[in-house]
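Asker: Give me the fold of what follows.
(chains A, B, C and D)
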Number of protein chains: 2
Amino acid sequence: MATIGMKELAKQLNLSTATISKALRDSYDISEETKQRVFKLAKKLNYIPNAHASSLRGKKSKTLAMVIPEVADSYFAQSINGVEAIAQAAGFHVLVYLTHEQYEKEKSILKELLNGRVDGVLISVTSQSKDVSHINELRHAGIPVVFFDRVFENIGNGEVTTDDFNAAYLLTQHLISEHCKNIAFLSFSNSLSINTLRLNGYKTALQDHGLKVEKKNLLACLDREDENKVLIKKHLLRKNRPDGIIASVEKLITPLYLACQETKLAIPKDIKVAAFSNLANAAILAPPITTVTQPAFEMGKTAASLLIKALKGTAMDTDEQKIILPSKLEIRQSSSRTFS
Amino acid sequence: MATIGMKELAKQLNLSTATISKALRDSYDISEETKQRVFKLAKKLNYIPNAHASSLRGKKSKTLAMVIPEVADSYFAQSINGVEAIAQAAGFHVLVYLTHEQYEKEKSILKELLNGRVDGVLISVTSQSKDVSHINELRHAGIPVVFFDRVFENIGNGEVTTDDFNAAYLLTQHLISEHCKNIAFLSFSNSLSINTLRLNGYKTALQDHGLKVEKKNLLACLDREDENKVLIKKHLLRKNRPDGIIASVEKLITPLYLACQETKLAIPKDIKVAAFSNLANAAILAPPITTVTQPAFEMGKTAASLLIKALKGTAMDTDEQKIILPSKLEIRQSSSRTFS
DNA sequence: TATATTTACTTAATCGTTTACGTAAAACCA
DNA sequence: TGGTTTTACGTAAACGATTAAGTAAATATA
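Answerer: Here you go, the predicted model:
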């Protein structure tokens, strides 16, 4: 009930709280003997320093915010894991905030974070985010911001991404090598860096292989799964329907597969399919799906490390770092003509 | 840079910080006129109250901890969503901690939470957890604890679960109705309430239908996916191999499916399969898998609501609530003899 | 008109730690 | 031995918001 603080320790040892504090922090100007007495009693009474008092006085909260669009995406789930691993090791706590892809929510969350609650912010921005003033505001308040995956370029203290252009290029090339001539691309946002990069990789690959980029093959998906299924089905029922299709994000996989099933298109016989995804069960889908897998765990770790490094650094805005980690193309049945 | 605090507002308005504070909190003993002046300036200067100062003084952090074994499980990912929804609406922040199924980590995390950082704790315990002293310690410190899914009974301020016994019973019964006579059960922990309940539901269903519970059909899985695959394969290669199999947790699905593939057992022809899982893509697995799906989002919401209610309540340990939400049996091809 | 009450503030203590600064006693130095 | 340095601690002021208690002026009451 009555939690014991330094005052209690001080009283019992006939010392001042200053001495207690210094002893606990192993200050050089406390005698070894006293330190031991303090440690001992602290342990005995199970003394636990009050986090708010320390944070208030020290202007450090030992807390990071992780602001992400959602958790129900394997990528984000795994990246939380990475962030947590580094944070826990460095003694940091992790506040998780979900924006649900809403820019307004992102803004209001970041605004709240100006109150000293966190030392730094890790963010993967909303598909709706355009303005960057809320990010700048944080940085001006001395709170470093590191982006991961979905970044705004050149305004944070760091960026951790994968080479999305290249991955999309290779994925598209792969489909072409499997004899696809009419490949569709499913986008889920047109304002997002990753979407643009992936789309450009796709376009460039087509052009490099003498294929045309056709507007009708660029399908803008939304946030609702069932709507997307309808959208995709409509696309698959066109004449000149695609013989290959790339889902630029994981959440489009289920509607895409269902759309194929419901339109009686066999994967990969009638249509080859591939996706950007971190699904743990990609290998047991019907059929196993070819994926570009991002090193989500590593990205989380890297982003957290960058942020913590920025927090240690004295300079408020040191060398901004951009780190690009390799993603992995995993070819499976869904895109293979040998299974046709 | 120099963040403005109440002192600055006070100076500019020729008032004391006390007046500022009361005005901002809409105290009755500040004149309407003054309040307006304060509000206006606060907005203009973009005043943001310091969270640590408020927490220190007010002994309330407006923060919850969510302690879970992992995030890479659809159930937990969805439950975070639910918790976050309620927390955000009630102005609470959510710290996420991962125990990675390690009891020691769970203990050390909870110990840290005694420092006032959080007002309350939501927890789904580790598969290794046995002792409950770390939970009691929190409650004695006045920090309410609400369990969800993986609970210790009767020691928290609330428990939110699904009716695991019943769900397992119905699932087993379903397999029996599909003519399974030799059903295996894959466990992943023997100290966990949910595992015991699910196992008992399975056992009771067998007995009620005149089938024997055989030790060899109870398979204790571990935490590593590849090891589990080997374990399951071995089980499938026995003579008298099972003709039905229940995975008690989501993470066993991939190894189970792969094990079936690699032992050339066709699902559902040779073996019927079902699992407890919240996978979003259960319907597009090869084949679509029959699942018991828990209302993860709702459970997160309910648990968070219970906790927040406990925080508002004056009594430190009010009526402990146990809430059981219904899970849903979704029958798909993997367990159906009509697809054999 | 004298007293009581209400209004609208201010003063100062408090939450629990941290730390710049001060200070006695001990140790060292020449 | 007189002075300087070192050792080991204490004092008190932060950090920023909140609030119990106090107060002067305005208003009401009788």
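Asker: CA only for contacts and neighbour counts going forward, please
Answerer: Will do.
Asker: what are the ranges of the strands in the stretch 201-340 of chain A?
Answerer: With DSSP state E, counting those that start in this stretch, the ranges of strands along the stretch 201-340 of chain A come out as A:218-220, A:244-247, A:272-276, A:290-293, A:321-325, A:328-330.
Asker: so which residue of the stretch 101-250 of chain A comes closest to DNA strand C?
Answerer: residue A:116 (14.1 Å; C-alpha to the nearest atom of the strand).
Asker: backbone phi and psi for that residue, please?
Answerer: phi 90, psi 0 (degrees, to the nearest 10).
Asker: ok, back up a step: go through the strands of the stretch 201-340 of chain A and pick out the most buried.
Answerer: Among the strands of the stretch 201-340 of chain A, strand A:272-276 has the highest mean neighbour count (mean count of other C-alpha atoms under 10 Å in any protein chain shown), at a mean of 29.
Asker: which helices and strands does that one pack with?
Answerer: Applying 3 or more C-alpha pairs under 8 Å, 6 or more residues apart in numbering or on different chains; DSSP states H and E, one finds that strand A:272-276 contacts strand A:244-247, strand A:290-293.
Asker: still on that earlier bit, tell me which of the strands of the stretch 201-340 of chain A lies nearest to DNA strand D.
Answerer: strand A:321-325 (29.3 Å).
Asker: who does the closest one pair up with?
Answerer: Sheet pairing for strand A:321-325, assigned by DSSP bridges, gives strand A:158-162 (parallel).
Asker: for residue A:12, what are its contacts?
Answerer: Residues counted as contacts of residue A:12 (C-alpha atoms under 8 Å, 6 or more residues apart in numbering or on different chains): none.
Asker: If I look at it, what pLDDT would I see?
Answerer: Here the pLDDT value assigned to residue A:12 is 95.
Asker: again, but for residue A:129
Answerer: 79.
Asker: For residue A:224, see how far away it is.
Answerer: Residue A:129 is 18 Å from residue A:224, where distance means C-alpha to C-alpha, to the nearest Å.
Asker: Among these two, which residue is more densely surrounded?
Answerer: Between residue A:129 and residue A:224, counted using other C-alpha atoms under 10 Å in any protein chain shown, residue A:129 has the larger neighbour count: 16 against 11.
Asker: Who are the contact partners of the more buried one?
Answerer: With C-alpha under 8 Å, 6+ apart, residue A:129 has these contacts: A:102, A:103, A:191, A:192.
Asker: and stretch A:278-287, anywhere near chain B?
Answerer: Yes. Stretch A:278-287 comes into contact with chain B (C-alpha under 8 Å from any C-alpha of the partner chain), by way of A:280, A:281, A:284, A:285, A:286, A:287.
Asker: Going through those, which ones are buried?
Answerer: A:281, A:284, A:285, A:286, A:287 (16 or more other C-alpha atoms under 10 Å in any protein chain shown).
Asker: I'd like the distance between residue A:10 and residue A:38.
Answerer: Taking C-alpha to C-alpha, one finds residue A:10 at 9 Å from residue A:38.
Asker: correction: residue A:22
Answerer: Applying C-alpha to C-alpha to residue A:22 and residue A:38 gives a distance of 10 Å.
Asker: Between these two, which has more neighbouring residues?
Answerer: With neighbours defined as other C-alpha under 10 Å, residue A:22 and residue A:38 compare such that residue A:38 has more, 24 against 15.
Asker: just checking, that one touches residue A:23?
Answerer: Yes. Counting by C-alpha atoms under 8 Å, residue A:23 is a contact partner of residue A:38 at 6.7 Å.
Asker: okay, now residue A:209: neighbour count?
Answerer: When neighbours are counted by other C-alpha under 10 Å, residue A:209 comes out with 13.
Asker: what do you get for the one 4 residues further on?
Answerer: Taking other C-alpha under 10 Å as the criterion, the count of residues near residue A:213 is 17.
Asker: what residues are up against it?
Answerer: A:203, A:206, A:207.
Asker: can you check residue A:38 too?
Answerer: So residue A:38 contacts A:9, A:13, A:20, A:23, A:24 (C-alpha under 8 Å, 6+ apart).
Asker: And those residues, which two are furthest apart?
Answerer: By the measure C-alpha to C-alpha, A:13 and A:24 form the most distant pair in the contacts of residue A:38, at 13.5 Å.
Asker: among the contacts of residue A:129, which are in helices?
Answerer: residue A:103 (DSSP state H).
Asker: Return the member of the contacts of residue A:129 nearest to chain B.
Answerer: Using C-alpha to the nearest C-alpha, residue A:102 comes nearest to chain B of the contacts of residue A:129, at 13.6 Å.
Asker: OK, contacts around the closest one?
Answerer: Residue A:102 neighbours (C-alpha under 8 Å, 6+ apart): A:69, A:126, A:127, A:128, A:129.
Asker: quick one: residue A:49 and chain B, what's the gap?
Answerer: 6 Å (C-alpha to the nearest C-alpha, to the nearest Å).
Asker: how near is that residue to residue B:114?
Answerer: Residue A:49 sits 9 Å away from residue B:114 when distances are taken as C-alpha to C-alpha.
Asker: who's more crowded, those two?
Answerer: Using other C-alpha under 10 Å, the more surrounded residue of residue A:49 and residue B:114 is residue B:114, with 24 against 19.
Asker: tell me which parts of chain A are close to DNA strand C?
Answerer: Within chain A, the positions near DNA strand C by C-alpha under 7 Å from any atom of the strand are A:3, A:5-7, A:17-19, A:21-22, A:24-25, A:48-50, A:53-54, A:56-58.
Asker: nearest to residue B:199, of the strands of the stretch 201-340 of chain A?
Answerer: Minimum separation from residue B:199 across the strands of the stretch 201-340 of chain A (C-alpha to C-alpha) falls at strand A:290-293, 35.5 Å.
Asker: Strand partners (parallel or antiparallel) of the closest one?
Answerer: According to DSSP bridges, strand A:290-293 forms sheet pairs with strand A:272-276 (parallel), strand A:328-330 (antiparallel).
Asker: Would you convert those into CSV that also reports distance to residue A:169?
Answerer: CSV is the format used below for these (distance: least, C-alpha to C-alpha, whole Å):
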stretch, distance to residue A:169
strand A:272-276, 12
strand A:328-330, 11
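Asker: want to throw those into CSV with distance to residue A:232 and mean pLDDT?
Answerer: Shown next, in CSV, are these (distance: least, C-alpha to C-alpha, whole Å; pLDDT from 0 to 100):
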stretch, distance to residue A:232, mean pLDDT
strand A:272-276, 13, 98
strand A:328-330, 24, 97
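Asker: That'll do, ta.
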